[in-house]
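In: mind looking at a prediction? Sequence and model below.
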Amino acid sequence: MKLSLNSTGSLLILAQFPGLLCATPAVAQDTAALQQQIQQLQANFQRQIQDLRAQLKKVQAEAAQSRGAEARASQHAPVSAQPMQTALTPPTSVQAIQQTPPAKPLPKGAFQLGGITVTLGGFIAVEGVYRSRNETADIGSSFGSGMPLPNTPAYHMGEFRGSARQSRVSLLAQGDVDDVTHLAAYGEVDFLGVGTTSNSTESNSYVPRLRVAYATYDRSDLGLHLLGGQEWSLLTMNKVGIVPRQEDIPLTIDAQYVSGFNWTRNWQVRAVKDFDDHRFWLGASIEGPQASYSGSTTIPGGKTVTATATGGSLLNGTISTYSTDVVPDFIVKAAADPGWGHYELFGLTRFFTDRVSNTIYGSNATVVGGGIGGGMILPVIPRKLDFRLSGLFGNGVGRYGSAQLPDATFSEGGRPKPLTEYSLLAGLEGHPAPSVDIYAYVGTEQAERNFTSGTKLGYGNPASSNAGCDTELSTLTCTANTSGVVQGTIGAWWRFLQGDFGTVQAGAQYSYTKRNIFAGAGATPGTTVSPSTDENMFLISFRYYPFQ
């Protein structure tokens, strides 16, 4: 039979116990006997329930005594000992859950692929620029020879350009071999490259451009950091240490940044060592060379100088120019973060190679150039106002400045002659609110004359003619060797939307640039002409960073 008690303790007799109800007519009618049996059954069940409760209390007491003994024993157990499992101890204890570290949250835009963390980055840019002189340039301006002089119609016309080509896509992949060995790969692409048929006539067809693409190997126990690929030059100033993706890039909208800023983005292999818990750094790199020349390639005696390869090439199948370098540039750099500010000092060695040929024979010549430089970032008001100063001085260092002055010219014998040059950049960067950045920079790049007397060879030669530089559409010569560029710029960024959806920011910039020319011979014998040009630029930008 099946028996159960209701909430008042009365017995429920189920269908499997029919004998009490209908065994015989006599029993069914004997109500008193039935009630007596029910009472007897109730008493039996009450005794059984009391016995079960007593047994349960005994078991609970024994379990509590057992746990107390285990706790006392664990106080004297070795650290590696594990608590003994019993029938009353769950396989996964609260202590085990507390000892398991929570999974490290991934940054915005990141996801996991096995042991690799992949982080997406970049932005969509909607930008515009107005220039008072027509450079026929996109969002990256020309601060040097691209600024037109009065002899061209472009000098007398302004230009407006709207562009989305500075939009950028980036990807960072990181993996840890073990606790001290770390690998990473990083790449950035934008659309400021120019293919042979790129135009904006109807269907804008600008090609992607490789900004940076490199891999790194870091050993934290040795303080060793290796990098290979295309990256900002080692001499580009960093915000901290000598760390990739921590370059101190001016905040400008202009993709050419600002005159006086020293940088390249090119192939390199670098090794860096940090000391004293990342307070001091020492690095060295070999980097892809590229020399720029200015001056006549035809020298006395009917000889021809070959320093560049013009026309079609396997590097670029059209009319682009590449120098005939045979040795990479060498850069060494020291950096310090002593606790207040960031400081850098670097040295650069370069090699300039050409060939002087005539109809019978020729010879190669290699000349050494280079320079020294440094910089600093000073937190005048911590997290509110920073002052930055950087510079470079040397022979043949024009390539490393934003104004792109030439590196070298040629001697009477055809050998390369590196130009003595310097660049300087000072700036203030303010952060009056977490969502606002303001900046102001003043920069300059200057070159000295280097010429052969009695000829028209060299750079900045006063015998060269500038007679046609100041007259629109003049048929007279305008040599126009740039002596220097000076620029001042101010601007601001406002991040007006920030959240899980990303960041939207707006920026505005104004700059004034002055390009000066070495004095040259005028149309009248004995006179000189010192032309110059200047330019006002206004830039605006709206950018959406979906992963920041």
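Out: Sure, I can see it.
In: my guess is residue 529 contacts residue 464. True?
Out: No - Residue 529 is beyond contact range of residue 464, at 10.3 Å (criterion: CB atoms under 8 Å). In this view, the C-beta of every residue, glycine as well, is placed from N, C-alpha and C.
In: and residue 159, bridged to which residues?
Out: residue 131 (DSSP bridges).
In: count the residues that sit near it.
Out: By the criterion of other CB atoms under 10 Å, residue 159 has 14 neighbours.
In: which residue is nearest the centroid of the chain?
Out: residue 245 (3.8 Å; CA atoms, centre = their mean).
In: before we move on, the earlier item: tell me which of residue 529 and residue 464 has more neighbours.
Out: More neighbours surround residue 464 than the other of residue 529 and residue 464, with 24 against 21 (other CB under 10 Å).
In: okay, the nearest residue to the more buried one once chain neighbours are set aside and residue 51: tell me how far apart.
Out: In space, and not counting its chain neighbours, residue 464 is closest to residue 479: 4.0 Å by CB to CB, 6 or more residues apart in numbering. To residue 51, residue 479 is 117 Å away according to CB to CB, to the nearest Å.
In: neighbour count for the two, which is higher?
Out: The neighbour comparison of residue 479 against residue 51 (other CB under 10 Å) goes to residue 479, with 23 against 10.
In: you'd agree the more buried one is in a helix?
Out: No - using DSSP: H, G, I helix; E, B strand; the rest coil, the assignment for residue 479 is coil, not a helix.
In: from memory it sits against residue 463, does it?
Out: No - Residue 479 lies out of contact with residue 463 (CB under 8 Å); the separation is 9.6 Å.
In: find residues that contact each of those two.
Out: residue 520 (CB atoms under 8 Å, 6 or more residues apart in numbering).
In: tell me how many other residues surround residue 120.
Out: Residue 120, neighbours per other CB under 10 Å, totals 14.
In: where does pLDDT dip in this structure?
Out: Across the chain, the ranges flagged by pLDDT under 70 are 1-34, 59, 61, 63-103, 309-314, 316-320.
In: tell me the domain ranges of it?
Out: 1-68, 117-545 (automatic domain parsing).
In: re earlier: kindly provide the distance from the residue nearest to residue 464 to residue 522.
Out: From residue 479 across to residue 522, the span is 12 Å (CB to CB).
In: quick check: neighbours shared by these two?
Out: Shared contacts of residue 479 and residue 522, counting by CB under 8 Å, 6+ apart, come down to 465, 466.
In: related to what we said a few turns ago, common neighbours of residue 529 and residue 464, please.
Out: 520, 521.
In: pretty sure residue 504 sits against residue 497.
Out: Yes - between residue 504 and residue 497 a contact is recorded at 3.9 Å, counting by CB under 8 Å.
In: neighbour count winner among the two?
Out: residue 504 (18 against 13).
In: quick check, that one in a helix?
Out: No - applying three-state DSSP, one finds residue 504 to be strand, outside a helix.
In: what sits against it?
Out: Counting by CB under 8 Å, 6+ apart, residue 504 touches 495, 496, 497, 498, 542, 543, 544, 545.
In: host element of residue 259?
Out: Under the criterion of DSSP states H and E, residue 259 resides outside all helices and strands.
In: residues near it, how many?
Out: 31.
In: surely it touches residue 446?
Out: No - contact criterion CB under 8 Å: residue 259 and residue 446 do not qualify, at 10.2 Å.
In: got any residues that touch both of these two?
Out: 423, 485.
In: max-length strand in the protein?
Out: Longest strand in the chain by number of residues (criterion: DSSP state E): strand 362-381.
In: in terms of secondary structure, what does that strand contact?
Out: Applying 3 or more CB pairs under 8 Å, 6 or more residues apart in numbering; DSSP states H and E, we find strand 362-381 packed against strand 342-357, strand 385-395, strand 416-418.
In: deepest in the core, which of those is it.
Out: Using mean count of other CB atoms under 10 Å, the stretch among the helices and strands packed on strand 362-381 with the largest mean neighbour count is strand 416-418, at a mean of 25.
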